[in-house]
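Chemist: Following is a predicted model, sequence given first.
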Amino acid sequence: MAKRASEPRTDLRRLTTLQDISHVLCGPGELRHSLERVLEKLERDHEAVRSAVMALGDDGHEIVIEASVGISPEGRLSRYRVGEGIVGRVVQSGRPIVVPAISREPLFLHRAFQRKRPGMPELSYVCVPIAWNRTPLGALAVDLEFDPGRDYDAAVSFFSVVAGMIAQAFQGRRAIEEERKRLLDENVHLKHELQQRYDFSNLIGTSSPMRQAYEQIAQVARTSTTVLIRGESGTGKELIAHAIHYNSPRKDKPFIKVSCAALPDTLIESELFGYEKGAFTGALARKRGRFEMADGGTLFLDEVGELNQSTQVKLLRVLQEREFERLGGTESVKVDVRLIAATNRDLEKAIAERQFREDLYYRLDVFSIFVPPLRDRKPDVMLLADHFLAKYARQHKKSIRRISTPAIDMLMSYHWPGNVRELENTLERAVLTCDGNVIHGHHLPPTLQTAEASGTAIKTSLSDAIEQYEKDLILDALKSARGNRARAARLLNSTERIIGYKIRKYRIDPRRFRSAQATPSLKSV
């Protein structure tokens, strides 16, 4: 009767233990520590003298002790082979093994703990497999106090449930590690792509001003010197900042960008330097600023000439002391950050008007790079145009091969006040509006087709527009046929006589196309 009365209490204790184990294994923290807490629970509430969770290695042959209670540090270094000893057999077969009296079992290897020393009490041993979808992951081994009346079937059932919960934890850890490895691999891949994208060889431009800029970029990239990039809006200052970072020793560290003109004066300090909890209404927790986020890497301040006076003072201190205080805080934060600044403002004029601090200017202007406007690098216009044509044709899945001669003349005649950014937008629009495989003049924006903007006068009458379009087609055909009238006529599905008449009418000289070469294709960024 006493045994029957104790059974409900035992079942209740086991259910409570399983509930506690579930909470431990689902909680935060390292899996090894969670497993040790599980084994401590078995020791405290279920007469476990010592216990261990064995894990099958990635090679599928070696078994190691993942966590243990009651085993010395030297014993935890023990290793087992699959099929070797009791643990090896349990992992190999996927079936539990019960040893009522350890002293009578010859299969024990006694590697982790010597159980046959004189004077030691008799022990029982239960070893159950840890498996997921019948795939072996390890084993749970427990030493129990010897009890002739112990219900070993109930013990095996209980420890098997515990082993199943451990298997879920193993599988969860494996999924997390696989996801972590995938993210790390993806991160490495993306960094490699960025390094390739911003490699010096991929910067487009062969004009003399750009070659000079390339030399400066190559000189300063290998150092940690502060760089000031100057030039008009749309010239590619951010692209050069990327190139400097990804070709520097800091390329594996963060590259943080801040647009000083896009942030209001009330937010710029908190964005750059962060703030402490309670620094102002709504500051519910400490926030790291961009300087802290860029620690070890590079911080790019775009439009630095738009900073207000108070932020300029703090920025000057960071450049001098390499430390700052968060908004609302008193603790100094030290950072190792390389600063790259860019501006399209005339800083000398801003200094004269007391809008920009002279001492900050000299701290920023350690190494200055000037990016020339597109109107001063006309040889690069078609290089950039071909690059953007290939980029957006691929992006919008269009088969556009080239730009027509009249359209090239319009691109080369335009003064490009918006610089490279305007050229890129122009080519994207042309790709979208083009329904063939050649970009013509009428695919370009109206600003390029007016005499006021480009010096390329376009007649407004219908007959003149038709004649201009006809002339463009004949010029393109002659260019493709290298000045051969008969071949040009076949390309236009016309006759040589008609083409000859049109050539005389529009005063076209076919001889200038006989040595013309096709427009060179460009390397993409």
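Modeler: That came in fine, so what should we check first? Numbering: from 1, shown residues only.
Chemist: hey, let's count contacts and neighbours off CA atoms from now on
Modeler: OK.
Chemist: can you confirm residue 129 is in a helix?
Modeler: No: secondary structure of residue 129 (DSSP: H, G, I helix; E, B strand; the rest coil): strand, not part of a helix.
Chemist: Correct me if wrong: residue 500 contacts residue 485.
Modeler: Yes: with contact defined as CA atoms under 8 Å, residue 500 reaches residue 485; the gap is 7.2 Å.
Chemist: Tell me which of these two has more neighbours.
Modeler: Relative neighbour count places residue 485 above the other of residue 500 and residue 485, with 20 against 15, counting by other CA atoms under 10 Å.
Chemist: mind checking how far that one is from residue 44?
Modeler: 100 Å (CA to CA, to the nearest Å).
Chemist: Residue 87: helix or strand, and which one exactly?
Modeler: helix 85-93 (DSSP states H and E).
Chemist: Summarise which helices and strands that helix is packed against.
Modeler: strand 79-81, strand 123-132, strand 135-145 (3 or more CA pairs under 8 Å, 6 or more residues apart in numbering; DSSP states H and E).
Chemist: which secondary element of this protein has the worst mean pLDDT?
Modeler: Least confident helix or strand of the chain, by mean pLDDT, DSSP states H and E, is helix 451-454 with a mean of 46.
Chemist: Against which helices or strands is whatever helix or strand comes next after it packed?
Modeler: Using DSSP H and E, the helix or strand that follows helix 451-454 in sequence is helix 462-480. Where contact means 3+ CA pairs under 8 Å, 6+ apart, helix 462-480 is packed against helix 405-413, helix 485-491.
Chemist: Skip ahead from the first one and say which helix or strand is next.
Modeler: In this case it means helix 405-413. Heading C-terminal from helix 405-413 (DSSP H and E), you reach helix 419-433.
Chemist: List the buried residues of that next one.
Modeler: 419, 420, 423, 424, 426, 427, 428, 430, 431 (16 or more other CA atoms under 10 Å).
Chemist: May I see those residues organised as JSON lines, with pLDDT and distance to residue 442 added?
Modeler: Shown next, in JSON lines, are the buried residues of helix 419-433 (pLDDT from 0 to 100; distance: CA to CA, whole Å):
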{"residue": "419", "pLDDT": "93", "distance to residue 442": "21"}
{"residue": "420", "pLDDT": "92", "distance to residue 442": "21"}
{"residue": "423", "pLDDT": "94", "distance to residue 442": "16"}
{"residue": "424", "pLDDT": "93", "distance to residue 442": "17"}
{"residue": "426", "pLDDT": "94", "distance to residue 442": "12"}
{"residue": "427", "pLDDT": "94", "distance to residue 442": "12"}
{"residue": "428", "pLDDT": "94", "distance to residue 442": "14"}
{"residue": "430", "pLDDT": "93", "distance to residue 442": "9"}
{"residue": "431", "pLDDT": "94", "distance to residue 442": "12"}
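Chemist: Can you tell me which of the residues you listed is nearest residue 506?
Modeler: For the buried residues of helix 419-433, the minimum distance to residue 506 (CA to CA) is 26.3 Å, reached by residue 430.
Chemist: What residues does that closest one make contact with?
Modeler: By CA atoms under 8 Å, 6 or more residues apart in numbering, the contact set of residue 430 is 439, 443, 444, 445.
Chemist: now do 7 Å
Modeler: 439, 443, 444 (CA atoms under 7 Å, 6 or more residues apart in numbering).
Chemist: Distance of it relative to residue 408?
Modeler: Taken as CA to CA, the span from residue 430 to residue 408 is 12 Å.
Chemist: ok, for residue 480, nearest residue in space, not its chain neighbours?
Modeler: Spatial nearest neighbour of residue 480, chain neighbours left out: residue 488 (7.5 Å); criterion: CA to CA, 6 or more residues apart in numbering.
Chemist: how much space between the one you found and residue 467?
Modeler: Distance from residue 488 to residue 467, by CA to CA: 17 Å.
Chemist: Nice, that's everything, thank you.
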